[in-house]
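# sequence first, then the predicted structure, then my questions.
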Amino acid sequence: MSDLEEIKIKELELKANEIRQSIIEMLIEAKSGHTAGPLGMADIFTYLFFEGMVHDPQNPSWEGRDRVVLSNGHICPVLYATMAHAGYLPVDELKTLRKFGSRLQGHPHREYLPSLETSSGPLGSGLSQAVGMAIADIIDSGIDTRRTIYCLMSDGELDAGNSWEGAMLAGKLNLRNLIAIVDRNNIQIDGFTEDIMPLEPLADKWRAWNWHVIEIDGHSFEDIHSAVNQAKAVFESPTVIIAHTIPGKGVGYMERDFRWHGTPPGIQDIDGEPKKEEQSKIALDELRSLGRKISGYHND
Amino acid sequence: MLNSNLKLNQRLFSDSVEQIPIRKGFGEGLLAAGEMDKNVVGLCADLTESTQMHLFKNKFPERFVEIGVAEQNLATVASGMAAMGKIPFITSYAMFSPGRNWEQIRTTICYNNRPVKIAGSHAGISVGPDGGTHQAIEDIAIMRTLPRMVVISPCDAIEARKATVAAAQNGTPVYIRLAREKTPVITTEETPFEIGKAQIFFESKNPETTIIVTGALVYKALLVAKKLEEEEGIGLIVVNLSTIKPLDKETILSAVKRAPKVVTVEEHQVFGGMGSAVAEMLAENFPAPQEFVGVKDKFGQSGTPDELLEHYGLGVAHIKEAVKKVLSR
């Protein structure tokens, strides 16, 4: 494994910043949808679509591609925005999110957007689908398959039994071609995960099902890169990357606040937050200024 | 008299008619489908032998996945395998799949348009002594409301085998409902089968009543038709409705237009089941008086299959009574 060059890291940071701006813009236009999770996962999506994954946006049904299953479908603004920036769909189309007739349904639906690997929304079912893909891949290509099946999932959806049923089966079958990435942002709709339904010790739970566990800073491209490469090198078991992320990452007033889980900016006044008329502008200004800072650094 | 064009079992009305569990036909069909297409895979939730998937497992161990007692996982893993080009068959008791995993079937199979084939064994109250927890009598209702889902309820083991082979090839999600108990063999190797085609198994010279029946009760309906025709001169048509969805509107309408009093017979709740599907279609196209033979908003209990069929009003006498009642309307 080679380290990411500094220039590549800056490119990815800049791309993630553009994707965060797109997320905010599409949510403002849609007037509904989820904000905190998509912002928190922007770095991981950027890494996969612009560095880690084997895929071809010009030929989305190419048989040899890696698969990425988004299990917690509600964070689809980050999936759509990343796919648009990667060339799967026009960036302009992002403004149709959640509107009648749009390919960008409120939760992902592959009947409308066939380049999606699956439709999702009801929580807890994505990991098992990725497990099924990994089993099928090994049946077809053998245990030394070069394909990777990624499952992106939330911590909150680990409340659901279906998630652990999938984890148990993957551990039993030593699915080395499977990488689950858990967005460990500690929030869900009703509050903090440890108040709603404690998940800790989370890494131990996965280890108990025979998974290789890596914990990372989900906003560090070095960490993400190193974890994905380590996962590919592990032959004996599936790997879960527990990515510690900051919900709302990039917009100061949203960070770490579960009240922004399912609310876009500009819709309602929230105690202690900017007034609703100012929320959108503050969010976009902050992200744009961050983008300029990254570019400046890059140009130095 | 029996429809001679369909080459039904000549010994059907003899006391020594061969009896085979319908689920056995599924097991043989899956094995045949697996031999025909290497993409056919089997997944089971800890009931491999009683769902008859062991025949496939023994022949193709590398294409079989033991999921354990986890029916939600059963459906979702199958969806993922289908996404990679496989044709997964998933089996458990109908009470657990599709009973326990309905939302996963809806979202990851039907909404997601993945051709997963769900075989629900031990459907109906004739499961017997296991009792009400294990008697699926709501499964037709919950499956037929799902867009894209094809619902098949074979009348005997031979039809189950043909339905299973056909399901492997049809490209859509399919639910196949299977009874546990030995059931008289009605059809033969030569009897045609096509998903979506209802068949007129019996027709009197001057029929007044159409019995539309599905699954293991087809045999009882045929007994009733023969007796009423021979002993009381009542003319009937008996339609074997093995595909409940999509509904064969043409065959049903042609029968009901000739014999416009309807009795539907099913080992299922009358609410939302096959009879409801028929009534919905007739109400729009050719309204006809209809009696529903089925379970009337009750749960099952322990007993022998015959005791239970009698107790819940699904016996030969009940079908007869329903025919007479609808004739008087």
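In hand now; what should we look at?
# contacting residues for the closest residue to B:Gln135 other than its chain neighbours?
Spatially, and ignoring its direct neighbours in sequence, B:Gln135 is nearest to B:Gly300 (3.7 Å; CB to CB, 6 or more residues apart in numbering or on different chains). For glycine as for every other residue, the C-beta is placed from the backbone atoms N, C-alpha and C. By CB atoms under 8 Å, 6 or more residues apart in numbering or on different chains, B:Gly300 lies in contact with B:Ile125, B:Val127, B:Gly131, B:Gly132, B:Gln135, B:Ile137, B:Leu308, B:Tyr312.
# in those, find the pair that's most separated.
B:Gly131 and B:Tyr312 (13.4 Å; CB to CB).
# what about those two, which has more around it?
Of the pair B:Gly131 and B:Tyr312, B:Tyr312 is the one with more neighbours under other CB atoms under 10 Å in any protein chain shown, namely 24 against 15.
# if we can go back for a sec, could you report the distance from the residue nearest to B:Gln135 to B:Ala317?
B:Gly300 sits 19 Å away from B:Ala317, going by CB to CB, to the nearest Å.
# ditto for B:Gly42
40 Å.
# show me what contacts B:Leu251?
Small correction: residue B:251 is Thr, not Leu. If you count contacts by CB under 8 Å, 6+ apart, then B:Thr251 has B:Lys197, B:Ala198, B:Gln199, B:Ile200, B:Val239 around it.
# please repeat the previous calculation with a cut-off of 6 Å.
B:Ala198 (CB atoms under 6 Å, 6 or more residues apart in numbering or on different chains).
# B:Ile22 now?
By CB under 6 Å, 6+ apart, the contact set of B:Ile22 is B:Pro154, B:Ala157, B:Ala160, B:Leu178, B:Ala179, B:Thr183.
# the last one reaches B:Ala216, doesn't it?
Okay, so that is B:Thr183. Yes. With contact defined as CB atoms under 6 Å, B:Thr183 reaches B:Ala216; the gap is 4.6 Å.
# related to what we said a few turns ago, element containing the residue nearest to B:Gln135?
Element membership for B:Gly300 (DSSP states H and E) is empty, with no helix or strand holding it.
# ok, B:Asp15 next?
Judged by DSSP H and E, B:Asp15 forms part of no helix or strand.
# how far away is it from chain A?
48 Å (CB to the nearest CB, to the nearest Å).
# hey, where'd the strands end up in the stretch 101-250 of chain A?
Ranges of strands in the stretch 101-250 of chain A, per DSSP state E, counting those that start in this stretch, are A:149-154, A:178-184, A:187-188, A:191-192, A:212-217, A:239-244.
# of all these, which one is nearest B:Lys249?
The nearest among the strands of the stretch 101-250 of chain A, by CB to CB, is strand A:149-154 at 42.6 Å.
# helices and strands around that closest one, which ones?
Here strand A:149-154 touches strand A:67-70, helix A:126-141, strand A:178-184, going by 3 or more CB pairs under 6 Å, 6 or more residues apart in numbering or on different chains; DSSP states H and E.
# using a markdown table, lay out the ones you listed together with mean neighbour count, mean pLDDT and distance to A:Gly248.
Output for the helices and strands packed on strand A:149-154, formatted as a markdown table (neighbours: other CB atoms under 10 Å in any protein chain shown; pLDDT from 0 to 100; distance: least, CB to CB, whole Å):
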| stretch | mean neighbour count | mean pLDDT | distance to A:Gly248 |
| --- | --- | --- | --- |
| strand A:67-70 | 26 | 98 | 19 |
| helix A:126-141 | 27 | 98 | 22 |
| strand A:178-184 | 27 | 98 | 12 |
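# quick one: closest of those to chain B.
Judged by CB to the nearest CB, the one of the helices and strands packed on strand A:149-154 that comes nearest to chain B is helix A:126-141, at 2.3 Å.
# now A:Gly124, nearest residue through space, not along the chain?
A:Ala160 (2.7 Å).
# so how many other residues sit close to that neighbour?
A:Ala160 has 18 nearby residues by other CB under 10 Å.
# what sits against A:Gln21?
A:Leu287.
# out of the contacts of B:Gly300, who's nearest B:Asp37?
After measuring the contacts of B:Gly300 against B:Asp37 - CB to CB - the closest member comes out as B:Val127, at 31.2 Å.
# now that closest one. Its backbone dihedrals?
Phi and psi for B:Val127, reported as degrees, to the nearest 10, are phi -60, psi -40.
# pLDDT wise, what is it at?
Looking at B:Val127, its pLDDT stands at 91.
# wait, doesn't it sit right on B:Gln135?
Yes. Here B:Val127 reaches B:Gln135: they are 4.9 Å apart, a contact under CB under 6 Å.
# near chain B, which residues of chain A are found?
Residues of chain A lying close to chain B (CB under 6 Å from any CB of the partner chain) are A:118-119, A:122, A:125, A:128-129, A:131-133, A:136, A:162, A:165-166.
# tell me which stretches of the chain form helices.
Since you didn't name a chain, this refers to chain A. Taking DSSP state H as the criterion, chain A carries its helices at A:6-30, A:36-47, A:76-86, A:126-141, A:161-172, A:193-196, A:202-208, A:221-233, A:276-299.
# if you could check chain B rather than the one you did, that'd help
Using DSSP H, helices in chain B cover B:22-36, B:54-59, B:71-83, B:102-104, B:139-144, B:157-169, B:218-232, B:249-258, B:274-285, B:305-311, B:316-327.
# how long is stretch B:253-272 end to end?
Distance across stretch B:253-272, first residue to last, is 20 Å (CA to CA, to the nearest Å).
# buried ones in that stretch, by neighbour count?
Burial within stretch B:253-272, assessed by neighbour count using 16 or more other CB atoms under 10 Å in any protein chain shown, is assigned to B:255-256, B:259-270.
# what does stretch B:139-152 give?
In stretch B:139-152, counting by 16+ other CB under 10 Å, buried: B:Asp139, B:Ile140, B:Ala141, B:Ile142, B:Met143, B:Arg144, B:Leu146, B:Arg148, B:Met149, B:Val150, B:Val151, B:Ile152.
# mind checking how far that stretch is from the chain centre?
12 Å (CA atoms, centre = their mean, to the nearest Å).
# wait, does that stretch contact chain A?
No. Using CB under 6 Å from any CB, stretch B:139-152 never reaches chain A; the gap is at least 9.9 Å.
# endpoints of that stretch, how far apart?
11 Å.
# what is the rounded mean pLDDT of that stretch?
Mean predicted confidence for stretch B:139-152 is 98.
# now do stretch B:257-272
Stretch B:257-272 comes out at a mean pLDDT of 98.
# for residue 131, give me its contacts.
No chain was given, so I picked chain A. A:Gly166, A:Leu169, A:Ala170, B:Val77.
# ah, I was thinking of chain B
Taking CB under 6 Å, 6+ apart, one finds B:Gln301, B:Ser302 in contact with B:Gly131.
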